[in-house]
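*Asks:* Sequence plus predicted model, see below.
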Amino acid sequence: MDKHQVLKQYFGYDSFREGQEALIDSLLSGRDTLGIMPTGAGKSVCFQIPALMMEGMTLVISPLISLMKDQVEALNQAGVHAAYLNSSLTSGQYRKALELAGQGRYKLIYVAPERLVTEEFLRFACNAHISMVAVDEAHCVSQWGQDFRPSYLKIPEFMEKLSRRPVLAAFTATATREVQEDIVRLLRLERPTVLTTGFDRPNLYFAVQSPKDKYAAMKSYLDLHPGESGIIYCLTRKTVEEVCVKLRSEGISATRYHAGLTDGERKENQEDFIYDRNPVMVATNAFGMGIDKSNVRYVIHYNMPKNMESYYQEAGRAGRDGEPAECILLYGGQDVITNQFFIDHNQDNQELNDADRVVVQERDRERLRQMTFYCFTNECLRDYILRYFGEYTSNYCGNCSNCLSQFETVDVTEIAHNILGCVKSSRQRYGVTVILDTVHGANTAKIRNYRMNENPHYATLSKVPAYKLRQVMNQLQLLGYLVVTTDDYAIVKLTGKSEAVLDGSESVVMKMAKESERPEKAARDKKAKGKNRRQSMAADFHAKEFTDMEEKLFEQLRILRKEIAREEGVPPYIVFSDKTLVHLCIRKPKTKEELLEVSGIGAFKAEKYGGRFLECIGKNLC
């Protein structure tokens, strides 16, 4: 079979997505390859298809048990023999899997990086016919990446021990230019094909909100999206517990995930989410890597993450099916302080020497500043993200809270002058809150104790709303007129640019949302216009309309899918995606030959499930 036949036979698709064919061709020609593709773009197909076409087996190095399990289940459901080797197996199961692998039973074997240099695995690998090694989540090899895992540095050592060097492939979704260069260097890729298909996910809507009550804002959103699958990310275990308990008490089917739970609890909760028993997952960043759940309709960050890489990776777990999904960040000033604490007390990467640890810490602080500026900006949010990863667009996407808000350009020079003047006259000794309270004229104990009520700028901006003062303060940081230290205390400091505003030689203007149009309202208006996602999926297949009859058929097919998933012990989306169900409703196949014309149905699944789905369609069309 050629690559197109393999794509159809096992995965049920008629054509490749952007970048897939070029990466597949590179690997089939024997070249080392690095692919940078956004979440949901089909990275796994890029190494799975060559693996099925090459002689021998392919080793897939993967960082998480959940990631391996998910991909192996999907491959087995498609009729591909695959297995994983990790700590979830008993010693007996592990040895049996190695024995079957040695007999050539599997085309793909997923393995944790820690296993590579163990004596038992090396003995197996040195005697096996390994045609390719694929490194998934390749950014983990770089100490400049957001998920550095020292065990990834052992991959070149493992490759050198093999009797014959296989083709080496590496894939990731989030990598700055610095991280890309690290991947090539540290994995020792030889004259690799490097292909970046872009970081943009057009189906994702981005929003930043700064609500007074985060829980109320989040709960309001969930009330508008009942039954939809979503992830709520929190910075700490304590916040995860509080949010999850509160949601459950209010009738929301939510579960939780963090490192403080037992292995058994994490596994059970993760499966409850994946199998749609609890559609809402409240979690720390310990959750999510490799979770291929296609129908996640929203990701809410209850707190700001520590860097843009983490944010985009976590937000990218929404809308993997390519359908509209929403990524909402609820920002609060305390988030910055909490993240600074984590950076200052980071116990990861203990193998680094003191000098390198200082460099990494300063890099983490800079990345936190960039993440904070994302929460401040009134420019296009998508453009901000893409520029961070080295892509440049028009600064208008039409699908983020900033682009959907009406802004006006406002001269804030007077406000800026007073804020900067207050910082200077107080000899740069205080934090943001003290400075803003001073210019606003607050009569608090702290202001009196610091004698800031005697500052020449005290109450000079008493008539300016507090939220507007904070916006200008944020803008001054964004434009480089002020910096906030990230040492033991968050202190506001002047920069070399500050004097130009203080001496009146430079003015400050900024975009501000008009009072009549807030981002949250614009987002709700957009949501109302694009609510029927199945209609959107139908449009992808050039169907004019998704009818009421087809809507009823879709629900019946969903019930059947859930029944089959329960029998098979796999998540429903591994049987068929929602998009495949929609295409079934549009095509209404009557034979297995017609079934094979439906997107996402390959020969193996058509044979395995086709009869039951054809019967269901026939009954509902009578």
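*Replies:* Sure, I can see it. Numbers count the residues shown, from 1 in each chain.
*Asks:* Which positions within the lengthiest helix in the chain qualify as buried?
*Replies:* The helix spanning the most residues in the chain, taking DSSP state H as the definition, is helix 354-376. For helix 354-376, a neighbour-count test (16 or more other CB atoms under 10 Å) marks 360-361, 364-365, 367-369, 371-376 as buried. All C-beta atoms are positioned from the backbone trio N, CA, C, and that covers glycine.
*Asks:* Surely His457 touches Asn418?
*Replies:* Yes - taking CB atoms under 8 Å as the definition, His457 is a contact partner of Asn418 at 5.1 Å.
*Asks:* residues shared between the contacts of the two?
*Replies:* Residues touching both His457 and Asn418 by CB atoms under 8 Å, 6 or more residues apart in numbering: Val439.
*Asks:* Asp200: which of the buried residues of helix 354-376 is nearest?
*Replies:* Distances from Asp200 to the buried residues of helix 354-376, taken as CB to CB, are shortest for Tyr374 (15.7 Å).
*Asks:* all strands for the stretch 101-250 of the chain, in order.
*Replies:* Counting by DSSP state E, counting those that start in this stretch, one finds strands in the stretch 101-250 of the chain at the ranges 108-111, 130-135, 167-172, 193-196, 204-209, 229-233.
*Asks:* Could you identify the helix or strand that succeeds the longest helix of the chain?
*Replies:* Downstream of helix 354-376, the next assigned helix or strand under DSSP states H and E is helix 381-388.
*Asks:* That following helix packs against which elements?
*Replies:* Helix 381-388 is packed against strand 204-209, helix 308-315, helix 354-376, with contacts defined by 3 or more CB pairs under 8 Å, 6 or more residues apart in numbering; DSSP states H and E.
*Asks:* Which of those sits closest to Cys234?
*Replies:* Nearest of the helices and strands packed on helix 381-388 (CB to CB): helix 308-315, 11.3 Å.
*Asks:* Report the distance from that closest one to the chain centre.
*Replies:* In terms of CA atoms, centre = their mean, to the nearest Å, the centre of helix 308-315 is set 5 Å apart from its chain centre.
*Asks:* okay, that helix in CSV with CA atoms only?
*Replies:* Output of helix 308-315 as CSV, limited to C-alpha atoms (Å, rounded to 0.1, in the frame of the first residue of the first chain):
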residue,chain,number,x,y,z
MET,A,308,3.1,31.5,27.2
GLU,A,309,4.3,28.0,26.2
SER,A,310,2.3,26.4,29.0
TYR,A,311,-0.7,28.6,28.3
TYR,A,312,-0.9,27.8,24.6
GLN,A,313,-0.3,24.0,25.2
GLU,A,314,-3.0,23.9,27.9
ALA,A,315,-5.5,26.1,25.9
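*Asks:* who touches it?
*Replies:* With contact meaning CB under 8 Å, 6+ apart, helix 308-315 is reached by 39, 139, 145-146, 173-174, 176, 199, 204, 206, 231, 233, 285, 288-289, 299, 301, 304-305, 327, 329, 367, 370-371, 374, 385, 388-389.
*Asks:* any idea how the protein splits into domains?
*Replies:* According to automatic domain parsing, the chain comprises the domains 3-196, 204-388, 407-513, 533-621.
*Asks:* Make TSV out of these and add mean pLDDT and distance to Ser394.
*Replies:* Below are the domains of the chain laid out as TSV (pLDDT from 0 to 100; distance: least, CB to CB, whole Å):
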stretch	mean pLDDT	distance to Ser394
domain 3-196	91	19
domain 204-388	90	7
domain 407-513	92	16
domain 533-621	87	24
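*Asks:* Ok, which of the ones you listed comes nearest Ser401?
*Replies:* Comparing the domains of the chain by CB to CB, domain 204-388 comes nearest, at 3.7 Å.
*Asks:* Endpoints of that closest one, how far apart?
*Replies:* 17 Å (CA to CA, to the nearest Å).
*Asks:* cool, and stretch 121-130?
*Replies:* 13 Å.
*Asks:* That one: which residues count as buried?
*Replies:* By 16+ other CB under 10 Å, the buried positions in stretch 121-130 come out as Phe121, Phe124, Ala125, Ala128, Ile130.
*Asks:* Also stretch 460-475?
*Replies:* For stretch 460-475, the neighbour count (16+ other CB under 10 Å) marks Thr460, Leu461, Val464, Leu469, Arg470, Gln471, Val472, Met473, Asn474, Gln475 as buried.
*Asks:* Pull the most distant pair out of those.
*Replies:* Greatest spatial distance among the buried residues of stretch 460-475 (CB to CB): Thr460 and Asn474, at 19.1 Å.
*Asks:* Look up the closest residue to Phe389, ignoring the ones flanking it.
*Replies:* In space, and not counting its chain neighbours, Phe389 is closest to Phe199: 4.7 Å by CB to CB, 6 or more residues apart in numbering.
*Asks:* Kindly apply the preceding question to Arg558 instead.
*Replies:* Among residues not flanking Arg558 along the chain, Leu581 sits closest, at 6.4 Å (CB to CB, 6+ apart).
*Asks:* The one you found against Leu557, yeah?
*Replies:* Yes - using CB under 8 Å, Leu581 is in contact with Leu557, at 4.8 Å.
*Asks:* Between these two, point out the one with more neighbours.
*Replies:* Each of Leu581 and Leu557 has its neighbours counted (other CB atoms under 10 Å); Leu581 has more, 24 against 21.
*Asks:* Tell me which helix or strand the more buried one sits in.
*Replies:* Short version, using DSSP H and E: Leu581 is in helix 578-587.
*Asks:* Which elements pack onto that helix?
*Replies:* Helices and strands touching helix 578-587, by 3+ CB pairs under 8 Å, 6+ apart, are helix 533-540, helix 548-568.
*Asks:* and that helix, how far from the chain's centre?
*Replies:* 27 Å.
*Asks:* Put the alpha carbons of that helix into PDB.
*Replies:* Output of helix 578-587 as PDB, limited to C-alpha atoms (Å, rounded to 0.1, in the frame of the first residue of the first chain):
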ATOM      1  CA  ASP A 578     -18.500  13.700  16.500                       C
ATOM      2  CA  LYS A 579     -17.400  14.900  13.000                       C
ATOM      3  CA  THR A 580     -17.600  11.300  11.700                       C
ATOM      4  CA  LEU A 581     -21.100  11.000  13.200                       C
ATOM      5  CA  VAL A 582     -22.200  14.200  11.500                       C
ATOM      6  CA  HIS A 583     -20.900  12.900   8.200                       C
ATOM      7  CA  LEU A 584     -22.800   9.700   8.700                       C
ATOM      8  CA  CYS A 585     -26.000  11.700   9.200                       C
ATOM      9  CA  ILE A 586     -25.400  13.700   6.000                       C
ATOM     10  CA  ARG A 587     -24.300  10.700   3.800                       C
END
